[in-house]
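Asks: what's the 3D shape of this:
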Amino acid sequence: MKILEITNVDFALYHFLHPLMRRLRDQGHEVVGACAEGPLLAGVRADGFRVEPVAMARSFSPLAQVRALGALIRLIRRERPDMVHVHMPISGLLGRFAAWLCGVPRVAYTCHGFLFNQPGPAWRRMLALVLEWLAGRITDIYLTVSQEEARDARRLGIHRHATAIGNGRDGKVFRPDAPTRRRVRAELGAAADDVVILAVSRLVRHKGYPELLAAMRDVPEATLWIAGERLPTDHGPDMGACLDAAGAELGPRLKRLGYRADVADLMAAADIFVLPSHFEGLPMTVIEAMLCGLPVVGSNIRGIREQIVEGVSGFCVPAGQVAALSAALGRLARDASLRRRMGDAGRQRALELFLQERVIARTAALLTRDAGEGRQGWESSPPIS
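Replies: Predicted coordinates for the structure are as follows:
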């Protein structure tokens, strides 16, 4: 079977889709990727995959979306896949409508978070819900990364067979590592007894950086490392000024590390992981931190609250509330034994629920089950010109 995997940007394809593409290829399928061009695609192409560049826009700009839809239609007509598997909210909508217009035999979607569950104007959320409902009518296989999103899809009539598959990371890569801990802390100027809080995400407003930086004022026992950058396709306020102001106030207690390819090493070197987002799907970084034995402080929102066991592997705090965030971080910063207990509990939970190999195997099985069924195939239908 020829499978076309479509997402929005290179970051998503490299970090989220590449392992699945490998599994499907190992099963004998031909797999092609498609997303906006970017430097992270080099690693996927070096692994032998063809990735077709498509100018995907992560906004509601009508002109940009019409252009992206047209590009996807041309790509699908050229590739003639047996299945189109799409990801992310906007590219997921466009990819499914393009596949339907082209008569692709099977259409699959993995939801990494619903637009209608994100903060925004009521009209935009309603539009997103209507579009998702329409797209659900033409989706054969409907997957979500979180249990709550699967329940939402079934409850709202988007797709009655929506199935949660979870997310997973490699437990051999993300693990406690004492030698790496000593090396990285020495490189970044952290003493053995310093308490390091780590945040890893794109530098955008909805990841909760204003609240996190404000909370650090009341956690004088700890240093904050921030790894990540703003993507060219990101929208919303630039966090540069906010980070600059916090740097002037926190001084050496704030380290901005930029984009890092060695996130596993950073997590091995840290003591606490924090993700105070306003909305998420089922964040990979929380899984990575749990596998590395870190206690996690995250927002009490969809996705994250499925990962953290409150008071056992970390703390869930109300999104946007600085006082609650600083209290949770401070409690962990001051109690090494609590950090160890929660970190151990989180690692055990991640090994049981969030290992990449198990999640990918489950996803591949769902995608390829009953592969011979579906709408009329390309072989029996005339080419679309």
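Asks: What segments of the stretch 1-150 of the chain are strands?
Replies: If DSSP state E, counting those that start in this stretch is used as the criterion, the strands of the stretch 1-150 of the chain fall at 2-6, 30-35, 50-53, 83-87, 106-111, 141-144.
Asks: Output the ones you listed in JSON lines, with mean neighbour count appended to each entry.
Replies: The C-beta positions use only the backbone N, C-alpha and C, and glycine is treated the same way. Putting the strands of the stretch 1-150 of the chain into JSON lines (neighbours: other CB atoms under 10 Å) gives the following:
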{"stretch": "strand 2-6", "mean neighbour count": "24"}
{"stretch": "strand 30-35", "mean neighbour count": "22"}
{"stretch": "strand 50-53", "mean neighbour count": "16"}
{"stretch": "strand 83-87", "mean neighbour count": "26"}
{"stretch": "strand 106-111", "mean neighbour count": "26"}
{"stretch": "strand 141-144", "mean neighbour count": "24"}
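Asks: Tabulate those in TSV, adding columns for distance to residue 134 and mean pLDDT.
Replies: Below are the strands of the stretch 1-150 of the chain laid out as TSV (distance: least, CB to CB, whole Å; pLDDT from 0 to 100):
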stretch	distance to residue 134	mean pLDDT
strand 2-6	18	99
strand 30-35	22	98
strand 50-53	26	98
strand 83-87	14	99
strand 106-111	12	98
strand 141-144	13	98
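Asks: Save the ones you listed as a markdown table, and put in distance to residue 364 too.
Replies: Putting these into a markdown table (distance: least, CB to CB, whole Å) gives the following:
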| stretch | distance to residue 364 |
| --- | --- |
| strand 2-6 | 10 |
| strand 30-35 | 11 |
| strand 50-53 | 19 |
| strand 83-87 | 10 |
| strand 106-111 | 11 |
| strand 141-144 | 11 |
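Asks: Now do stretch 201-221, average pLDDT.
Replies: Per-region confidence: stretch 201-221 scores 96 on mean pLDDT.
Asks: Where does pLDDT dip in the stretch 1-150 of the chain?
Replies: For the stretch 1-150 of the chain, the stretches with pLDDT under 70 are 58-60.
Asks: could you pull out the helices for it?
Replies: 10-12, 18-26, 41-46, 62-79, 89-102, 122-136, 147-155 (DSSP state H, counting those that start in this stretch).
Asks: quick one on the thing from earlier: which one of the strands of the stretch 1-150 of the chain lies closest to residue 330?
Replies: Among these, the nearest to residue 330 by CB to CB is strand 141-144 (34.4 Å).
Asks: For residue 268, which of the helices of the stretch 1-150 of the chain is the nearest?
Replies: Checking these against residue 268 by CB to CB gives helix 18-26 as the closest, at 20.7 Å.
Asks: my read: residue 204 touches residue 234, true?
Replies: Yes - using CB atoms under 8 Å, residue 204 is in contact with residue 234, at 5.1 Å.
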